[in-house]
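J.: what follows is a protein structure lacking sequence information:
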Ligand SMILES: Cc1ncc(COP(=O)(O)O)c(C=O)c1O
């Protein structure tokens, strides 16, 4: 019997109260925050969909592991537990813990990046790009054709464009390309997965030219589950086997354990190349810590090791992907245009289509973000001209998209929270033409969305 309702595959042992507020309170909070949701205290938020990073609920077993953490400075038992878990999953030889994903990026690019080099990727996540560029190299995105067509669904919009990859290698020269980074799933383009066929072919091309493939594996389990569900030949394979096959096409990985390891902090850098690993360890010691703890406590290492196994549980992954689809279905029914298909960790609302009366200069995504908070205390994030727009020669240059991301923390909210979000969207949809444009009154040169000050304008 297959049931219609996907129940959460866990029961709840510890609870946290939500931040209930009144409409006048939320209006005052928004004013005080200058209409920037990053400036809102979390206890004034009812449903927090700002990010899925570091916001997971840990399991009872993970908390038990926390108690087993060995806090020895060197050679802690917890390190060997962690190392064994990462090696079992990836098969890679040299495993270094780091405090979070971007530390792995900084270390790796310090070793093999630098001026004159270009890193190729299906799409660099923003910290990956920033760390690559900080080392002096160029970060070049080669997304699959159709990845930016938000209305047309496709199974593997997270693929790299294989033709563009080979063209780029020939044009730039293999000696100038230290690595190809495959981001799984592709967060910058909607949490879309890459297919096994694409990974296999990327690996073949890379081997032909002698270029290593490094996997940015923050959401490897969600990607593996999409392969099982969508790619011919994988339906009867275990997700853990699929994940191992994914890693077999790379020779190293950078991981933010704040996503598919259910940890609130942590990450790792895993490499096969002994020379890269030696150089990386030296930088690790300089900035993160001794190689058997790398910026983490023993208890964190234990929680990550356990999380890497739990995340491959197929009951969990079925619920996870189904619950994202459920939100997407509810939004479609409420007449809210979304990026198709929904990703593995988030649904992205197409604010440009939802609020056509607001031009990019009026930040339609930010207007919707503020209205979600004003109406019901829901926190989401704008991915549009506030985040990626620029001013060039005094002229506003909008971002290519105006989206609002609803990222779902792992194992945190239940179906009734999601039903509530859908109900709020249905209410906003009825009066969408009255949402105001926003004006930027104070920004900064870089990453302005974190600190920007905004004002609603008359409609
Ligand atoms: C694909 C991807 N890579 C890297 C990172 C960076 O990880 P962290 O936030 O742990 O530094 C993120 C974070 O969201 C991510 O989504």
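T.: Cool, got the structure. Here the structure is a predicted model, which means the values were calculated and not measured. Numbers count the residues shown, from 1 in each chain.
J.: same for the helix or strand of the chain with the lowest mean pLDDT, what does it pack against?
T.: Sorting the helices and strands of the chain by mean pLDDT, DSSP states H and E puts strand 390-392 at the bottom, at a mean of 84. Counting by 3 or more CB pairs under 8 Å, 6 or more residues apart in numbering; DSSP states H and E, the packing neighbours recorded for strand 390-392 are strand 395-397. (C-beta placed from N, C-alpha, C; glycine too.)
J.: parallel or antiparallel, list what pairs with the strand it packs on.
T.: Sheet partners assigned to strand 395-397 using DSSP bridges are listed as strand 390-392 (antiparallel).
J.: tell me how far the partner strand is from the chain's mean position?
T.: In this view, strand 390-392 has its centroid 26 Å away from the chain centroid, taken as CA atoms, centre = their mean, to the nearest Å.
J.: leaving out sequence neighbours, find the closest residue to residue 426.
T.: Computed as CB to CB, 6 or more residues apart in numbering, the closest residue to residue 426 that is not its neighbour in sequence is residue 334, at 4.0 Å.
J.: against the ligand, how distant is that neighbour?
T.: 27 Å (CB to the nearest ligand atom, to the nearest Å).
J.: then residue 200?
T.: Remark: distance between residue 200 and the ligand (CB to the nearest ligand atom) = 21 Å.
J.: can you check residue 375 too?
T.: Residue 375 sits 27 Å away from the ligand, going by CB to the nearest ligand atom.
J.: so residue 254 is in which element?
T.: Using DSSP states H and E, residue 254 sits in strand 252-256.
J.: who does whatever helix or strand comes next after that strand touch, helix- and strand-wise?
T.: Once the chain leaves strand 252-256, the next helix or strand it forms, by DSSP H and E, is strand 267-271. Counting contacts by 3+ CB pairs under 8 Å, 6+ apart, strand 267-271 packs against helix 77-90, strand 94-98, helix 101-112, strand 252-256, helix 274-287.
J.: so for the very next helix or strand once past the third one, mean pLDDT?
T.: Beyond helix 101-112 on the C-terminal side, the first helix or strand identified by DSSP H and E is strand 118-121. Confidence for strand 118-121, expressed as mean pLDDT, is 98.
J.: what is the neighbour count of the residue in the chain positioned nearest to the ligand?
T.: Proximity of the chain to the ligand (CB to the nearest ligand atom) peaks at residue 101, 2.6 Å away. The tally of other residues near residue 101 (other CB atoms under 10 Å) stands at 26.
J.: residue 175 too?
T.: Residues lying near residue 175 (other CB under 10 Å) number 11.
J.: write out the residues of this protein neighbouring the ligand.
T.: When proximity is defined as CB under 6 Å from any ligand atom, the chain approaches the ligand at 53, 100-102, 125, 127-128, 183, 187, 216, 218, 256, 258, 267.
J.: of those, which is the most crowded?
T.: Within the residues of the chain next to the ligand, most neighbours by other CB under 10 Å means residue 267, with 30 neighbours.
J.: tell me the contacts of that one?
T.: Listed by CB atoms under 8 Å, 6 or more residues apart in numbering, the contact partners of residue 267 are 97, 98, 99, 100, 101, 103, 104, 254, 255, 256, 257, 258.
J.: can you list the buried residues in stretch 325-333?
T.: By 16 or more other CB atoms under 10 Å, the buried positions in stretch 325-333 come out as 326, 327, 328, 330, 331.
J.: in which helix or strand would I find the closest residue to the third one other than its chain neighbours?
T.: Spatially, and ignoring its direct neighbours in sequence, residue 328 is nearest to residue 342 (3.8 Å; CB to CB, 6+ apart). Assigning secondary structure by DSSP H and E places residue 342 outside every helix and strand.
J.: per-residue confidence at residue 446?
T.: Residue 446 carries a pLDDT score of 68 in this model.
J.: tell me the bridge partners for residue 180.
T.: Note on residue 180: beta-bridge partners residue 120, residue 213, judged by DSSP bridges.
J.: distance of it relative to residue 120?
T.: 5 Å (CB to CB, to the nearest Å).
J.: ditto for residue 380
T.: 31 Å.
J.: show the low-confidence segments of this structure, by residue range.
T.: Residue ranges of the chain with pLDDT under 70: 1, 446.
J.: one more time with 90, if that's ok
T.: Counting by pLDDT under 90, the chain has low-confidence residues at 1-7, 126-127, 130, 148, 187-190, 387-394, 399-401, 442-451, 458-459.
J.: domain parsing for it?
T.: Split into domains by automatic domain parsing, the chain comes to 23-52+314-456, 60-310.
J.: the longest one: how far from the chain's middle?
T.: What that stands for is domain 60-310. Relative to its chain's centre, domain 60-310 lies at 12 Å (CA atoms, centre = their mean).
J.: cool, the shortest one as well?
T.: For domain 23-52+314-456, the separation from the chain centroid amounts to 16 Å (computed by CA atoms, centre = their mean).
J.: what about it, how long is it end to end?
T.: With CA to CA, to the nearest Å as the measure, the ends of domain 23-52+314-456 fall 17 Å from one another.
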